[in-house]
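Peer 1: My questions are about this predicted structure, shown below with the sequence.
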Amino acid sequence: MKCIYCKKEHTGKIPEHIIPESLGCPTNAILHNGEVCTICNLALGHKVDVHLKDAFDFLIFLHGIPRKKGKLPIIASRGNCRAEYINGGPYYFFNNSPKNVIASDGKVLPALKMNNSRHIKSKVQIKGDKGTVNFSINIGDNIGFVQAIFKIAT
């Protein structure tokens with residue numbers, strides 16, 4: 001069989017998740033018949049799919065979309081921000097200070113660095129017993145993301 005990406009002949013039958021598993025790939029978006037060779041499958045997973053997962057990490061977390069093998073989603077690659085499910089509920093940790101801090105779960109949260117695109121500046125407003133956190137992130141501002149979208153579209 002020929003790989004749909006590199007066009008080389010191969011004999012493997014590794015499933016290809018058109019939408020990464022970390023984004024909740026539905027069962028009807030998996031190629032099971034060897035359409036993609038092992039080399040392309042692994043390369044895409046490590047070089048392309050990771051950009052999609054990273055770009056949509058907050059949406060995945062907010063909607064509780066399970067990751068591979070049903071694991072709960074987390075946000076762990078955003079520098080001064082982290083989010084995870086603890087004791088059944090979602091918890092967000094932001095550090096807007098110029099120094100590292102220890103979050104309530106005991107983990108170190110790096111200081112906010114405005115020149116680091118992975119860091120997130122947040123604004124917290126508290127009214128009575130309720131709080132609101134506002135922040136924004138850019139999606140699609142790197143070539144890896146564009147390649148990943150192209151992979152899904154083709």
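Peer 2: Nice, I can see it.
Peer 1: For this protein, which segments count as helices?
Peer 2: Secondary structure of the chain (DSSP state H): helices at 38-44, 50-55, 57-62, 143-153.
Peer 1: Comparing those helices by mean pLDDT, which bottoms out?
Peer 2: For the helices of the chain, the stretch scoring lowest in mean pLDDT is helix 143-153; its value is a mean of 76.
Peer 1: Summarise which helices and strands it is packed against.
Peer 2: Packing partners of helix 143-153 (3 or more CB pairs under 8 Å, 6 or more residues apart in numbering; DSSP states H and E): helix 50-55. Every C-beta, even on glycine, is put in place using the N, C-alpha and C of the backbone.
Peer 1: State the distance from the closest residue in space to Met1 that isn't next to it in sequence to Asn100.
Peer 2: Nearest-residue entry for Met1: Gly34, 4.7 Å, with adjacent residues in sequence omitted and distances by CB to CB, 6 or more residues apart in numbering. For Gly34, the distance to Asn100 equals 48 Å [CB to CB, to the nearest Å].
Peer 1: Between the two, which has more neighbouring residues?
Peer 2: Higher neighbour count among Gly34 and Asn100: Gly34, with 18 against 11, using other CB atoms under 10 Å.
Peer 1: pLDDT below threshold where in the chain?
Peer 2: 154 (pLDDT under 70).
Peer 1: where do the strands sit along it?
Peer 2: Using DSSP state E, the strands found in the chain span residues 16-17, 30-31, 81-86, 89-94, 101-102, 108-109, 123-127, 130-134.
Peer 1: Just say which of those is most tucked in.
Peer 2: strand 16-17 (a mean of 22; mean count of other CB atoms under 10 Å).
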